[in-house]
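attaching a predicted model along with its sequence, questions to come.
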Amino acid sequence: MPKARGLIRVGVLGAALALGGCSLTLPVRGQVGGTGETFSGSATGYMDGAGDLALVTNRGARCTGAFVYVSRRQGEGTFNCDDGRTGAFNFVSTGQRGTGTGTLSGQPVTFTFGGI
């Protein structure tokens, strides 16, 4: 029995460490409709279903955001840019890549992530 308890403890500790440190970072690319403005950056998703993103536009604006999965394949989030623009978005994901749409201060936004 002592050996089995030790193996269980090691297994539980290993699982806790693995789950606590797991994340997936994917590239993001997109555009703001009708403006010629594009953006690129990365999105990082965590095991708890939440995530964050960091983007830079071809006009120099820096945007950050947060998102959360609302189902296994769909999520929603918000953008906040250093030039004052804000917006919301929705996305569909396979886990390794996906697409999304939203608005940034009233302008339509489309993007892809992963597998770019």
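That came in fine, so what should we check first?

show the subsequent helix or strand relative to the host helix or strand of Ala43.
Applying DSSP states H and E as the criterion places Ala43 in strand 37-46. Counting by DSSP H and E, the next helix or strand C-terminal to strand 37-46 is strand 50-57.

so what are the sheet partners of that following strand and their directions?
Strand 50-57 sits in its sheet next to strand 37-46 (antiparallel), strand 62-69 (antiparallel), going by DSSP bridges.

residues making contact with the strand holding Ala43?
Contact with strand 37-46 is made by 22-32, 51-59, 61, 63, 67, 69, 111, 113, as judged by Cβ atoms under 8 Å, 6 or more residues apart in numbering. In this view, the C-beta of every residue, glycine as well, is placed from N, C-alpha and C.

go on, stretch 89-108?
Residues contacting stretch 89-108 (Cβ under 8 Å, 6+ apart): 26, 30, 32-35, 63, 65, 67, 69, 73-79, 81, 84-88, 109-116.

just the ones in strands from the residues you listed, please.
26, 30, 32, 63, 65, 67, 69, 74-79, 81, 86-88, 109-113 (DSSP state E).

of those residues, just the buried ones, ChimeraX syntax please.
Applying 16 or more other Cβ atoms under 10 Å to these, the buried members can be selected in ChimeraX as follows:
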select :26,30,32,63,65,67,69,75,77,79,81,87,109,111,112,113
